[in-house]
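[1] I'll drop the sequence and a predicted model, then ask my questions.
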Amino acid sequence: MKLHEYVSKRLFAKYGVPIPKGDIATTADEAKNIAADLGGKVVGKSQVLVGGRGKAGGIKVVDSPEQAYDAAKEILNLEIKGIPVDLVLIDEASSIQTEIYLGITNDRAARKPVMMASAAGGVDIEEVAAKTPEKIIKAHIDPVLGLMAHDILELALGIELKSELWIEFKNIAKGLWKAFKNYDATLAEINPLVITGDGHLLALDGKMLIDDSALFRHADLLEMQKSTEAHQTEVDAKEYGLTYIKLDGDIGCMVNGAGLAMATMDIIKHFGGEPANFLDIGGGADEKMVAAALKIIISDPNVKTILINIFGGITRCDLVAKGILAALEEVKTDLPIIIRLVGTNAEEGRELIAKADMITAKTLAEAAEKSVTAAKETASREAS
Ligand code: GDP
Ligand code: MN
């Protein structure tokens with residue numbers, strides 16, 4: 001699970017990493033009040049779980065609470081890569097001398113976490129890695145021994161950090177490692193870690209990815225993030241025991257079994273379509289889970305058609321059909337639905353579905369082909 005910037009930074013701060021003062025707002029009025037409390041000079045930052053927010057106008061530095069109001073209003077009206085912004089972080093603005101990169105991820109080949117630092121911070125680190133890999137200094141971390149003082153010193157020397165800042169840097173590196181380790185992260189990153197105008201280190205941005213398999217150990221995280229995130233379908237899915245991953249296409253998929261879900265996505269591509277998501281409702285999906293899955297698919301504004309592909313084994317096709325009908329009562333949709341039911345109780349399932357307005361398919365290929373056609377038709381209807 002990807003954490004919001006403000007959640008990541010608050011976790012870092014818990015372990016002693018200095019972050020700017022600030023708070024999150026859901027309205028322009030709230031943003032104005034926060035800015036007033038912070039003394040007026042603030043930066044408004046859209047909190048969305050996709051990259052590229054700067055280019056999309058999602059970060060604005062302003063000088064007064066009134067300007068903060070206007071900036072927040074604009075930011076809250078944005079849609080970044082199809083995701084509406086409904087949360088803006090208002091941070092005290094900082095003056096910046098230098099931008100540094102500091103991050104930890106797992107090095108699979110070395111079978112160890114690795115801390116990376118670079119004096120070329122602020123910019124996309126993947127780009128630095130591709131063009132000037134020598135600008136990234138690495139220190140592997142022994143998971144048992146933890147982050148060692150000499151490793152931190154090596155990183156500080158590698159990025160030519162002046163010695164006055166070594167103690168601050170050491171505390172930040174240690175804090176970042178603790179956050180990474182204690183929260184079962186697969187990535188913990190500060191980009192940029194800045195040297196401020198008055199010569200101190202400050203974490204301006206924060207990003208964390210948490211291992212989904214460890215989320216059950218971090219109920220606090222789900223709470224922190226959920227209370228403010230209306231569009232976080234991946235979290236919602238998790239609550240119902242569904243595995244959902246949003247993708248960029250327009251054909252929403254509901255499938256049981258990860259392998260079948262992947263095969264379904266492949267065959268959609270084969271017929272020239274693009275899946276909008278990966279969604280595995282699992283082996284023993286009940287009516288409630290199916291309804292939740294359908295709602296999640298429909299909540300994606302990019303979806304132009306829905307493909308339901310169920311191979312009834314433990315999952316019974318009649319229960320799936322009932323779930324779909326129940327969900328359609330609740331969430332009305334005009335989107336075409338292509339459905340393929342085979343296996344346990346398929347006959348009963350098809351009878352239930354027959355009354356509803358859906359396109360049935362016998363084979364996976366037929367279902368995929370019909371979905372691609374239906375998606376194109378919906379798109380051209382919407383365009384005209
Ligand atoms: P990202 O582009 O989504 O990673 O967002 P960041 O939080 O990293 O901000 C992008 C850039 O905006 C930073 O590298 C800084 O150059 C600039 N920035 C962010 N916060 C401030 C601030 O408080 N003051 C100033 N002057 N610039 C900032
Ligand atoms: Mn950044």
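    Cool, the structure landed. Ligands and ions are numbered 1, 2, ... in the order given.

[2] what about Lys112, neighbour count?
    Neighbourhood size, Lys112 [other CB atoms under 10 Å]: 13. Yep, even glycine has a C-beta here, placed from its N, CA and C like the rest.

[3] ditto for Glu330
    9.

[4] now do Phe271
    Residues near Phe271, counting by other CB under 10 Å, number 15.

[5] and the protein, which of its residues are near ligand 2?
    Contacts of the chain with ligand 2, taken as CB under 5 Å from the ion, map to Asn191, Asp205.

[6] Give me the domain ranges for the chain.
    21-92, 96-217, 232-383 (automatic domain parsing).

[7] Report the rounded mean pLDDT for the first one.
    In other words, domain 21-92. Averaged across domain 21-92, pLDDT comes to 94.

[8] Span of that domain from start to end?
    6 Å (CA to CA, to the nearest Å).

[9] related to what we said a few turns ago, can I get the domains of the chain in TSV including distance to ligand 1?
    Shown next, in TSV, are these (distance: least, CB to the nearest ligand atom, whole Å):
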stretch	distance to ligand 1
domain 21-92	4
domain 96-217	3
domain 232-383	18
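
[10] for these, which one sits closest to Tyr6?
    domain 21-92 (4.7 Å; CB to CB).

[11] mind exporting stretch 101-113 as CSV, just the C-alpha atoms?
    Only the C-alpha atoms of stretch 101-113 are listed here, as CSV (Å, rounded to 0.1, in the frame of the first residue of the first chain):
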residue,chain,number,x,y,z
TYR,A,101,17.7,12.4,-1.8
LEU,A,102,17.6,9.8,0.9
GLY,A,103,15.7,6.5,0.6
ILE,A,104,15.6,2.9,1.7
THR,A,105,14.3,0.0,-0.4
ASN,A,106,15.0,-3.7,-0.6
ASP,A,107,17.9,-4.9,-2.8
ARG,A,108,16.5,-8.3,-3.9
ALA,A,109,19.8,-9.5,-5.4
ALA,A,110,21.7,-8.7,-2.2
ARG,A,111,18.8,-9.9,-0.1
LYS,A,112,19.2,-6.9,2.1
PRO,A,113,17.7,-3.5,2.5
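
[12] Which residues outside it are in contact with it?
    The contact list for stretch 101-113 (CB atoms under 8 Å, 6 or more residues apart in numbering) reads 114-118, 120-122, 125, 128, 136, 140-143, 155, 172-173, 176-177, 180-181, 185-193.

[13] and with 7 Å instead?
    Contacts to stretch 101-113, defined as CB atoms under 7 Å, 6 or more residues apart in numbering, come from residues 114-118, 120-121, 125, 140-143, 172-173, 176-177, 180, 186-193.

[14] So for it, what gets flagged as buried?
    Neighbour counts using 16 or more other CB atoms under 10 Å place Tyr101, Leu102, Gly103, Ile104, Thr105, Asn106, Pro113 of stretch 101-113 among the buried residues.

[15] now swap in stretch 261-276 and tell me
    Buried positions in stretch 261-276, judged by neighbour count with 16+ other CB under 10 Å: Ala261, Thr264, Met265, Ile267, Ile268, Gly273, Glu274, Pro275, Ala276.

[16] again, but for stretch 246-263
    Lys246, Leu247, Gly249, Asp250, Ile251, Gly252, Cys253, Met254, Val255, Asn256, Gly257, Ala261.

[17] Please compute how far it lies from its chain's middle.
    18 Å (CA atoms, centre = their mean, to the nearest Å).

[18] again, but for stretch 82-99
    Put simply, stretch 82-99 sits 17 Å off its chain's centre (CA atoms, centre = their mean).

[19] which element is Ile267 on?
    Remark: Ile267 resides in helix 258-270, with elements defined by DSSP states H and E.

[20] Point out the other helices and strands that that helix packs with.
    Applying 3 or more CB pairs under 7 Å, 6 or more residues apart in numbering; DSSP states H and E, we find helix 258-270 packed against strand 251-255, strand 277-280, strand 305-312, helix 364-383.

[21] could you dump that helix to PDB, C-alpha only?
    Provided in PDB are the C-alpha atoms of helix 258-270 (Å, rounded to 0.1, in the frame of the first residue of the first chain):
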ATOM      1  CA  ALA A 258      -5.300 -14.600  -9.700                       C
ATOM      2  CA  GLY A 259      -4.200 -16.800 -12.600                       C
ATOM      3  CA  LEU A 260      -7.500 -16.500 -14.300                       C
ATOM      4  CA  ALA A 261      -7.500 -12.700 -13.700                       C
ATOM      5  CA  MET A 262      -4.100 -12.400 -15.400                       C
ATOM      6  CA  ALA A 263      -5.200 -14.600 -18.300                       C
ATOM      7  CA  THR A 264      -8.300 -12.400 -18.700                       C
ATOM      8  CA  MET A 265      -6.200  -9.300 -18.800                       C
ATOM      9  CA  ASP A 266      -3.900 -10.900 -21.400                       C
ATOM     10  CA  ILE A 267      -6.700 -11.900 -23.600                       C
ATOM     11  CA  ILE A 268      -8.300  -8.400 -23.400                       C
ATOM     12  CA  LYS A 269      -5.000  -7.000 -24.600                       C
ATOM     13  CA  HIS A 270      -4.900  -9.600 -27.300                       C
END
